[in-house]
Structures are given as C-alpha cells and as structure tokens.
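Participant: Need coordinates for the below:
(chains A and B)
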Amino acid sequence: DAKTTQPTSMDCAEGRAANLPCNHSTISGNEYVYWYRQIHSQGPQYIIHGLKNNETNEMASLIITEDRKSSTLILPHATLRDTAVYYCIVRAPWGSGYSTLTFGKGTMLLVSP
Amino acid sequence: GAVVSQHPSWVICKSGTSVKIECRSLDFQATTMFWYRQFPKQSLMLMATSNEGSKATYEQGVEKDKFLINHASLTLSTLTVTSAHPEDSSFYICSARTSSYEQYFGPGTRLTVT
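Facilitator: Numbering: from 1, shown residues only, chains lettered A, B, ... in the order given. Predicted coordinates for the structure are as follows:
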C-alpha cells in the first residue's frame, strides 16, 4: 500500500473549520483514501473514504486532488469532541477484498475553546 | 454503522497468568477479524488476522504461542495472552470486517500486567 505523510499535530479553534492534509504521492490508480480518527483511549472510528471524487458525509468532507497525490479532510465546524488523532490511510484492493488497514502516526488535532 | 464490542474494557492481571479478551461483531457476521496492539503514544500495530474456522495469521515478530487467537464463530474472536509479563501491558483493539470489506473497530481493552 502507498505510504502517507501527515503533519504531526494541528490546532484549531472551536467552531472553525479544521483542514487536515495528507500526502500520498505514490498512490496507485485503484487505491482508496480512508480517514479514521482515534479519540484518546478508544478504538479508531471510521470517518470517510474516497477514490477520485470529493466526498461528504455527516461527519466530514474529503477533498482529493486531481492527480490524487494528496487529500484534505475537512471538519466544517470543529468542536472540542473532535480532538483526536486523525489517520489518513491508503488502502489497496486485493483479490476479491481490500488490504488490511495499516496505521501510520497520524495527526493529533487539538480543538481549543 | 456496524458495531464491534470488546470485553473486558480493562483488566489487571499478575505476571505469569493468562488473560482472555473477547471481540464481538454485534450486528453483522465477520468472517475476518483483526487484532491490533497500541503502546502509549504510538500508533496501532497489527498483530494478527483471524479467519473464522481456520488458524490465525500472525504478523512478523508476534509470538503465536503467546497470543492465542480463536475465531470459532462468525461473531466472536478471542485473544488470550498467555503467561503475561509487564511488557505485554498495552491497549488491545480488535476490528471486524464486513461482507463489503469495511473494517469497524472495537473500543479497546487496556491490559495492565503487574
């Protein structure tokens, strides 16, 4: 699977948009970009995923560049409960399924009042 | 979304004893489950992949005789840490894969070996 690069940490003011970048310059054409987050002492929580097109759900938006070498996760109105480590993961399909999720170091997002 | 539970959420055991951690998929069947370990301030590391009705596949460096995995049903996988030592103290997280190959994670089990 392609390797990802994320900033170690980011800060965001409550109520503002949090934009978390991820570089995946070696991504292959059939690999998806997944985002998970982990609140302290909890299991990871799925946020969103995409292949080429931008995606939006009730939690966040995912913007993928046209060349697919980078993406940005957007939390439109960050709250204190969004403080967590955010993981960007590139996931390749293999055989009839998908590769196991492999976690990097992620970005520690701190949302402050 | 799919729900995965773990039991217990935390456990303290004495060195040399064994402890079992359960992972259940509550509203879906999971032919494949995964066990991860996370040390403080580190990321999740995959320990093993568990397939229902067959032997687990362990990642390099993980002792299969120490970390016994049983996936006897489509909704339950167990991880038994045998002869636990203080260095086994960690946060153990399971994950279950749905039929559409999405992975959902349990809340984790904090193991402390004294």
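
Participant: make it CA atoms for all contacts and neighbour counts henceforth
Facilitator: Will do.

Participant: ok, whatever residue of chain A ends up closest to chain B - contacts?
Facilitator: Nearest residue of chain A to chain B: A:Gly43, at 4.3 Å (C-alpha to the nearest C-alpha). Taking C-alpha atoms under 8 Å, 6 or more residues apart in numbering or on different chains, we find A:Gly43 in contact with B:93, B:105-108.

Participant: Is it correct that B:Arg97 is in contact with B:Ala30?
Facilitator: Yes. Contact criterion C-alpha atoms under 8 Å: B:Arg97 and B:Ala30 qualify, at 5.6 Å.

Participant: Settle it for me: which of the two has more neighbours?
Facilitator: B:Ala30 (25 against 22; other C-alpha atoms under 10 Å in any protein chain shown).

Participant: Please determine how far the nearest residue to the more buried one once chain neighbours are set aside is located from chain A.
Facilitator: Using C-alpha to C-alpha, 6 or more residues apart in numbering or on different chains and skipping the chain neighbours, the partner closest in space to B:Ala30 is B:Leu74 (5.1 Å). From B:Leu74 across to chain A, the span is 17 Å (C-alpha to the nearest C-alpha, to the nearest Å).

Participant: hang on, B:Leu74 packs against B:Asp27?
Facilitator: No. Using C-alpha under 8 Å, B:Leu74 makes no contact with B:Asp27, being 10.9 Å away.

Participant: These two: which has the busier surroundings?
Facilitator: B:Leu74 (18 against 11).

Participant: which residues does that one contact?
Facilitator: Counting by C-alpha under 8 Å, 6+ apart, B:Leu74 has contacts B:29-31, B:52.

Participant: Who wins on neighbours among those residues?
Facilitator: Busiest of the contacts of B:Leu74 [other C-alpha under 10 Å] is B:Ala30, holding 25 neighbours.

Participant: Pretty sure that one sits against B:Thr98.
Facilitator: Yes. Counting by C-alpha under 8 Å, B:Ala30 does reach B:Thr98; the two are 5.6 Å apart.

Participant: Now the common contact residues for the two.
Facilitator: Common neighbours of B:Ala30 and B:Thr98 (C-alpha under 8 Å, 6+ apart) do not exist.
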